[in-house]
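Student: what would the 3D arrangement of this be:
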Amino acid sequence: MAPLLPQLYLASASPRRKQLLEAVGFAFQVISAPVDERHPSHRTLREGVIENARLKALAAANRVQDPGGIIIAADTLVVFQDQVLGKPIDLQQAEEMLQLLSGNTHEVMTGVHLRRFSGEVQEFAVASKVTFRRLSQGEISDYIQTREPYDKAGSYAVQGLGSLFIEGIEGSYSNIMGFPIEEFLKVLPKISGVPIHQWFI
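Tutor: Numbers count the residues shown, from 1 in each chain. Have a look, this model is predicted:
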């Protein structure tokens, strides 16, 4: 007999996070609630991404009432030499980011916040390193003419055309996409009280 599972709510409009959870086989509802993300200089990168994930979860919690449900929220940042690279606002900014990343190694960190409506919380952050080969100006110019860079932190998609730029990856691939599914599978049983295999019976 299949166990009674808590309802999962994804507090994100990110198609990548939705895709990753669906690929594993989870059923969930999407509740997107815009928030003002914070990256104050006195916080560490880890603290910043976890705080932003927490804000997203709290905003989503105000939109639905489900005492047994679990909200999943995440925030991903790309950092190169202490400079946070968010989503580019225009073609010029996308070009500048890719020029910075060209031939260098940068860090991608995702903070994840899991919250039950009863108030129980689990939080974690995962970091990965990505090394770009040296890019020609022509490659950068061609890439920023596509739609791909403009809703991606760091101006590239590891799962898309941006994969052509990557020389090496250290750590979680799914984290670079925006959601570290490996760590999520370890933490979900802690907050749900349901062994991970029972989510797939």
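Student: does Asp75 count as helix, strand or coil?
Tutor: The three-state assignment at Asp75 reads strand, by DSSP: H, G, I helix; E, B strand; the rest coil.
Student: measure the closest residue to it other than its chain neighbours to Thr110 for me?
Tutor: What sits nearest to Asp75 in space, not counting adjacent residues and going by Cβ to Cβ, 6 or more residues apart in numbering, is Asn52, at 3.6 Å. Where C-beta positions appear, they are placed from N, C-alpha and C, glycine not excepted. Per Cβ to Cβ, to the nearest Å, Asn52 is found 10 Å from Thr110.
Student: for the helix or strand the residue nearest to Asp75 falls within, buried residues please.
Tutor: Counting by DSSP states H and E, the secondary-structure element that holds Asn52 is helix 45-61. Of the residues in helix 45-61, those scored as buried under the neighbour-count criterion (16 or more other Cβ atoms under 10 Å) are 45-46, 48-61.
Student: again, but for stretch 169-177
Tutor: When neighbours are counted by 16+ other Cβ under 10 Å, the buried residues of stretch 169-177 are found to be Ile169, Gly171, Ser172, Ser174, Asn175, Ile176, Met177.
Student: now, those that are in strands?
Tutor: Secondary structure defined by DSSP state E assigns Ile169 of the buried residues of stretch 169-177 to strands.
Student: check the buried residues of stretch 169-177 and tell me the two furthest apart.
Tutor: When these are compared pair by pair using Cβ to Cβ, the farthest-apart members prove to be Gly171 and Met177, with a separation of 12.1 Å.
Student: give me the nearest residue to Trp199, chain neighbours excluded.
Tutor: In space, and not counting its chain neighbours, Trp199 is closest to Leu5: 6.2 Å by Cβ to Cβ, 6+ apart.
Student: burial count for that neighbour?
Tutor: The tally of other residues near Leu5 (other Cβ atoms under 10 Å) stands at 15.
Student: spit out the contact partners of it.
Tutor: Residues in contact with Leu5, defined by Cβ atoms under 8 Å, 6 or more residues apart in numbering, are Ser192, Val194, Gln198, Trp199.
Student: gap between it and Phe26?
Tutor: Distance check for Leu5 against Phe26: by Cβ to Cβ, it reads 10 Å.
Student: which neighbours do the two share?
Tutor: Shared contacts of Leu5 and Phe26, defined by Cβ under 8 Å, 6+ apart, are found at Trp199.
Student: report the secondary structure state of the residue nearest to Trp199.
Tutor: Assigned by three-state DSSP, the conformation of Leu5 is coil.
Student: cool, and the one 4 residues further on?
Tutor: Classification of Tyr9 into helix, strand or coil gives strand, according to three-state DSSP.
Student: would you agree it is in contact with Phe28?
Tutor: Yes: using Cβ atoms under 8 Å, Tyr9 and Phe28 qualify as a contacting pair, with a distance of 6.4 Å.
Student: now list whatever residues contact both of those two.
Tutor: Each of Ile72 lies in contact with both Tyr9 and Phe28 under the rule Cβ under 8 Å, 6+ apart.
Student: of these two, who's got more company?
Tutor: Neighbour tally, Tyr9 and Phe28, criterion other Cβ under 10 Å: the higher count belongs to Tyr9, 23 against 17.
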